[in-house]
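# Just a sequence and a predicted model for now, questions to come.
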Amino acid sequence: MRTVRGLPLWVELVLLPGLNLLAALLVAGLVVVLVGEDPIAAVALLLYGAFGYGEAVGYTLFYTTNFVFTGLAVALAFHAGHFNIGGEGQAYLGGLGLALVALNLGDLPGAVAVPLAVAGAALFGGAWAVVPGWLYARRGSHVVITTIMMNFLASALMTYLVVNVLIKPGQQIPETDIFAEAYWLLPLAPLLAPFGIDLGRSPANLSLLLALACSVAFAIFVWQSRPGYELRVVGRSEPAAIYAGIAPARVTILAMTLSGALAGLLAVNEILGSQHRLVLGFTGGYGFVGIAVALMGRNHPVGIVLAALLFGALYQGGSELAFDMPKISRDMVVVIQGLIILFAGALEHMFRTPLETLLARPATGH
C-alpha cells in the first residue's frame, strides 16, 4: 500500500484530517456552550446555511473555488520546500492583469476574450511571485518574509492604480468600469437548471471547472512529470538535488512562478465570474485561508478540494449561523476556522504519532 511519511495514503488524506477536524469541532462546540448556545443546533444551522437550499449551495461552491486556487498555490510551493504566504498579493496582481486585458481588448468574442483574461491573471500572479523566488534563489532571502512584504506592496500598488489610474471616470468609488459582457463567465445556475438543480442567484460560475482542471493538472505535474519530480527532490533535500544534477535555484523560481499563477486565477472567479470589474479588496483574505486549506488537504489536490469545500461551507454557513444565533457572531466562525488551522497544522502530530504506532505492522519471525 502506498504510504506518505510512514502512513498509508488513505490515512494521510482522509483519516488524519478527519480526526483533526473532529477535534477542532469538539473544541468549537465547547466554545459555543460557553457563550450560551446549543452546539448541536449551531451545527445544524451551519449545515443548512451551507447546503440546505440551492442558493446556499451555489455560494458554498463559489467560495470553494477561491480556496481551491489558493490552496493549490500554497501546496505547489510547499512541495518545493517553500511556504508561500503571498497568495493575497499574487491574487491581487492577477486581478490587475485580468483587468488590463478586459479594459484594453474589449472588442473580442468571448471564446477569445476569456482565455486571454485568464492568461493575464495567471501571468501577473506568476510574475509577482517570481520576485520572492528570485530573491531566495539568488540572494538567500527567506520566502516567508518576502512574500509577506509583497502582499503589502501589492495592496499599495493596487490602491494607487485603482484610485488614480483605472477608476471609472466621473465617480469616487474605487473601481474600474464594467467589463464588456464577452469577459463575463457563465454562471452555473442557468446551466444546471435544466437538470433540476436550482442554485438561485448565487455567483457560482464556470471557474469552478477551471479550479478542478487545475487540480488535475497539479497532480499530473507534481507526480507524473520530470519538472515535478525535480521540484519534489528539491523540496525534500537541496543537497540531494544538487548531487543529482538538479539546479535548486531554477526549480525554486519555477515553483514560485506556478504558485503565483495559481493564486492569480482567484481573480477569474471573483472578477470575471462575479464582480465584472476590478474593485479594491476583492481577495477578501482568501489567500491566507488557502494556507489552512493546503495544510488540511495535506498538499494533495484531492485533499485540497475537500478542505476547500469545508471552508467554503464555513464561510457560507457561518453567515446563516450568525443571523439566526446572535450570540454566535462572524468572529465566532473565524474562531472555528482558527481551531481547524490549529489542529490541522500546529497540532498535527498529536494524532499522527498514535496512528503510526497503531497501524505499525508487528514484526514477523524470530
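Great, that's in hand.
# any idea how far stretch 155-168 is from the chain center?
How far stretch 155-168 lies from its chain's middle: 25 Å, per C-alpha atoms, centre = their mean, to the nearest Å.
# which outside residues touch it?
88-89, 92-93, 95-96, 99, 103, 173-177, 277-280 (C-beta atoms under 8 Å, 6 or more residues apart in numbering). Where C-beta positions appear, they are placed from N, C-alpha and C, glycine not excepted.
# what about the helices in the stretch 1-150 of the chain?
9-10, 16-34, 39-51, 54-79, 87-104, 110-139, 143-164 (DSSP state H, counting those that start in this stretch).
# Now do the fifth one: which elements does it pack against?
The elements that helix 87-104 packs onto, with contact taken as 3 or more C-beta pairs under 8 Å, 6 or more residues apart in numbering; DSSP states H and E, are helix 54-79, helix 110-139, helix 143-164, helix 248-264, helix 266-267, helix 286-296.
# Now the last one: average pLDDT?
Helix 286-296 comes out with an average pLDDT of 90.
# Tell me what angle it forms with helix 248-264.
Counting by axes from the mean of the first three to the mean of the last three C-alpha atoms, to 10 degrees, helix 286-296 lies at 120 degrees to helix 248-264.
# quick one: helix 286-296 to helix 143-164, angle?
On the basis of the same axes, to 10 degrees, helix 286-296 is oriented at 150 degrees to helix 143-164.
# Mind listing residues that contact helix 286-296?
For helix 286-296, using C-beta under 8 Å, 6+ apart, the contacting residues are 17, 20-21, 66-75, 78, 85-91, 151, 263, 266, 303-304, 307-308, 310-311, 337, 340-341, 344-345, 348.
# repeat that with 6 Å
Helix 286-296 is touched from outside by 17, 66-67, 70-71, 74-75, 87-88, 91, 266, 304, 307-308, 311, 341, 344-345, with contacts defined as C-beta atoms under 6 Å, 6 or more residues apart in numbering.
# which among these end up buried?
The neighbour-count criterion (16 or more other C-beta atoms under 10 Å) marks 17, 66-67, 70-71, 74-75, 87-88, 91, 266, 304, 307-308, 311, 341, 344 among these as buried.
# domain ranges for this structure?
1-33+328-360, 70-296 (automatic domain parsing).
# Could you export the helices of the stretch 1-150 of the chain to TSV, including columns for distance to residue 201 and mean pLDDT?
TSV is the format used below for the helices of the stretch 1-150 of the chain (distance: least, C-beta to C-beta, whole Å; pLDDT from 0 to 100):
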stretch	distance to residue 201	mean pLDDT
helix 9-10	39	73
helix 16-34	30	84
helix 39-51	16	89
helix 54-79	6	97
helix 87-104	23	96
helix 110-139	22	95
helix 143-164	27	95
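# Those helices: which one's closest to residue 182?
helix 110-139 (4.2 Å; C-beta to C-beta).
# Show me which positions of the host helix or strand of residue 307 end up buried.
Element membership for residue 307, per DSSP states H and E: helix 301-324. Neighbour counts over helix 301-324 (16+ other C-beta under 10 Å) mark 301, 303-322 as buried.
# ok, back up a step: among the helices and strands packed on helix 87-104, which is the most enclosed?
The highest mean neighbour count among the helices and strands packed on helix 87-104, using mean count of other C-beta atoms under 10 Å, belongs to helix 266-267: a mean of 34.
# Mind listing residues that contact that helix?
66, 69, 91, 94, 95, 98, 121, 286.
# any idea how far residue 88 is from the fifth one?
Just to be clear, that refers to residue 95. 11 Å (C-beta to C-beta, to the nearest Å).
# Repeat that for the last one.
From residue 286 over to residue 88 the distance is 8 Å, taken as C-beta to C-beta.
# What sits closest to residue 311 if chain neighbours are left out?
residue 67 (5.1 Å; C-beta to C-beta, 6 or more residues apart in numbering).
# What of residue 320?
That would be residue 49: by C-beta to C-beta, 6+ apart, it lies 2.4 Å from residue 320.
# The one you found and residue 312, how far apart?
Here residue 49 is placed at a distance of 12 Å from residue 312 (C-beta to C-beta).
# swap in residue 112?
Relative to residue 312, and taking C-beta to C-beta, residue 112 is found at 31 Å.
# Also residue 343?
In this structure, residue 343 and residue 312 are 19 Å apart, going by C-beta to C-beta.
# And residue 359, by the same measure?
Using C-beta to C-beta, one obtains 31 Å as the distance from residue 359 to residue 312.
# Without its sequence neighbours, what residue ends up closest to residue 21?
residue 340 (6.4 Å).
# number of nearby residues for the nearest residue to residue 107 once chain neighbours are set aside?
Counting by C-beta to C-beta, 6+ apart, residue 107 lies nearest to residue 180, which is 7.4 Å off, once chain neighbours are set aside. When counting by other C-beta atoms under 10 Å, one arrives at 16 neighbours for residue 180.
# my guess is residue 180 meets residue 108, correct?
No. Using C-beta atoms under 6 Å, residue 180 is not in contact with residue 108; the gap is 7.9 Å.
# Between the two ends of stretch 130-146, what distance do you get?
11 Å (C-alpha to C-alpha, to the nearest Å).
# From the rest of the structure, what touches that stretch?
82, 83, 85, 147, 249, 252, 253, 256, 257.
# Which pair of the residues you listed spans the longest distance?
85 and 249 (20.6 Å).
# what sits against the residue nearest to residue 342 when sequence neighbours are not counted?
Using C-beta to C-beta, 6+ apart and skipping the chain neighbours, the partner closest in space to residue 342 is residue 24 (7.0 Å). Residue 24 is in contact with 339, 340, 343, counting by C-beta under 6 Å, 6+ apart.
# how many neighbours does the second one have?
I take that to be residue 340. 26.
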